[in-house]
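Asker: 3D, please:
(one chain, ligands or ions: 2)
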Amino acid sequence: MKEREAASYTELIDRMLNGDRRALSRLITYVENDEPCVPDIMEKIYPRTGTCYSIGITGPPGAGKSTLADKLIAMVRAEGRTVGVVAVDPSSPFSGGAVLGDRIRMQRHALDEAVFIRSLGSRGSHGGLSRATREVLRLYDAFSMDVVLLETVGVGQTELHIADIADTVVVVLVPESGDTIQTMKAGLMEIADIFVINKADRDGAERVYSDVKAMVESMQTHSTGWTIPVLLTKAHENSGVEELYRAIMSHKQFCSSSTEIKERKRALRRAETLEIIVDTIRRRLETLATKDLTIRSYLEETLSGNKSPYEAARSVLADKEVMQHLCDGSPMRALGGTVDGVGPPDNAENPDDNRSP
Ligand SMILES: Nc1nc2c(ncn2[C@@H]2O[C@H](COP(=O)(O)OP(=O)(O)OP(=O)(O)O)[C@@H](O)[C@H]2O)c(=O)[nH]1
Ligand SMILES: [Mg+2]
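Answerer: Numbers count the residues shown, from 1 in each chain. Ligands and ions are numbered 1, 2, ... in the order given. Got it, this is the predicted structure:
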């Protein structure tokens, strides 16, 4: 990493930690673009995280998620707490202004310094959206946000595993969701901590309500012992939203005393740590692969048909010198230079360390 770049992001972190919203915004852009400095940023802010409560709001397009989020923001603010919103649209390839409707729906909070709203679009890299969302949540957390609302389109299996990210997941359905409920039954039960049937002013709301209620009752309880509430709301009129907020707070309370949920969170943290470790190794290896002649020769051999990719992988793992370079980021062979972002090793000047291919 260039020195100037490093200086600029450390400065941004300092400014962000001191409450500078523009610095927060720029750091989010780094996350969105998956800049090489992101792991460093995350490492630096990590000690300042761990207090923010995240609420996921998920459901089909147009269900009223943003309208509900807007009303929930008002409730959180009425308690004097700060709130960050991240609206994620896995189907949109653009970022920043991608989810325009969401911004409009929450417009009245735009001038409130204690509210920060941002949209995230998919960058197309598989699994990248979950990572980026988690990182944005962590930035909000370090920014001292008390609550984060995570709005995301889609029900059930999407690229974003909202139940792995949010502390409480609200699944929003509408009277038109009848068929979805039948097909998604198991999937919905897996992710929902609370069901909301929004647009209760419309025909068919009661039917969907009883369908969901029956589904919840047939499953008895969540595997954790939590009984999933089913609520009717008219978000545009602010009707039923207070009950929703209360249900969210009850779930939060429940989570803090449930050993099953604590164990689940530990498992998720373990999985995330492993993911970060793997990601760190992968980043280093990718940089190494562009410069290291031995790895490049393995790649060439697979292209010419002399080695299968699996043999190439085994060769890399069996090559102690390559592994050593991967571990300590020591100088490359023949092509020279060091592994970017890893930093020069203590013996960087020693030309004997550069092996010929
Ligand atoms: N009739 C009725 N309309 C509602 C209700 N809640 C929201 N709407 C309207 O539904 C439309 C969509 O609302 P949004 O809040 O943008 O829905 P969304 O789920 O965020 O939409 P996407 O982010 O595009 O998936 C808007 O025109 C809202 O005013 C409701 O309870 N009843
Ligand atoms: Mg929306």
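Asker: how far is stretch 182-202 from where the chain is centred?
Answerer: The chain centre lies 22 Å from the centre of stretch 182-202; the measure is C-alpha atoms, centre = their mean, to the nearest Å.
Asker: what about that stretch, start to end distance?
Answerer: End-to-end distance for stretch 182-202: 20 Å, by C-alpha to C-alpha, to the nearest Å.
Asker: what stretches of the stretch 151-300 of the chain score poorly on pLDDT?
Answerer: 156-159, 220-223 (pLDDT under 70).
Asker: please list the residues of it that sit near ligand 1.
Answerer: Counting by C-beta under 6 Å from any ligand atom, the stretch 151-300 of the chain comes close to ligand 1 at V153, N198, K199, D201, R202, K234, A235, H236. For glycine as for every other residue, the C-beta is placed from the backbone atoms N, C-alpha and C.
Asker: buried ones in the helix or strand harbouring M215?
Answerer: If you go by DSSP states H and E, M215 is part of helix 205-218. Residues of helix 205-218 classed as buried: A205, V208, Y209, D211, V212, M215, V216 (neighbour count, 16 or more other C-beta atoms under 10 Å).
Asker: quick one: secondary structure of the residue in the stretch 151-300 of the chain positioned nearest to ligand 2?
Answerer: The stretch 151-300 of the chain approaches ligand 2 most closely through E151 (5.6 Å), counting by C-beta to the ion. Assigned with DSSP: H, G, I helix; E, B strand; the rest coil, E151 falls in the strand class.
Asker: hang on, the earlier thing: adjacent strands (with direction) for the helix or strand just after the helix holding M215?
Answerer: Downstream of helix 205-218, the next assigned helix or strand under DSSP H and E is strand 230-232. Sheet pairing for strand 230-232, assigned by DSSP bridges, gives strand 194-197 (parallel).
Asker: who's in contact with the partner strand?
Answerer: With C-beta atoms under 8 Å, 6 or more residues apart in numbering as the test, strand 194-197 has contacts from 59, 68, 168-175, 177, 188, 205, 208-209, 212, 216, 228-233, 240, 244, 247-248, 251.
Asker: could you redo the last one with a cut-off of 6 Å?
Answerer: 170-173, 205, 208-209, 212, 229-233, 247 (C-beta atoms under 6 Å, 6 or more residues apart in numbering).
Asker: could you dump those into JSON lines with distance to R282 added?
Answerer: Formatted as JSON lines, those follow (distance: C-beta to C-beta, whole Å):
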{"residue": "V170", "distance to R282": "34"}
{"residue": "V171", "distance to R282": "33"}
{"residue": "V172", "distance to R282": "36"}
{"residue": "L173", "distance to R282": "38"}
{"residue": "A205", "distance to R282": "48"}
{"residue": "V208", "distance to R282": "44"}
{"residue": "Y209", "distance to R282": "46"}
{"residue": "V212", "distance to R282": "41"}
{"residue": "P229", "distance to R282": "41"}
{"residue": "V230", "distance to R282": "43"}
{"residue": "L231", "distance to R282": "43"}
{"residue": "L232", "distance to R282": "47"}
{"residue": "T233", "distance to R282": "43"}
{"residue": "A247", "distance to R282": "40"}
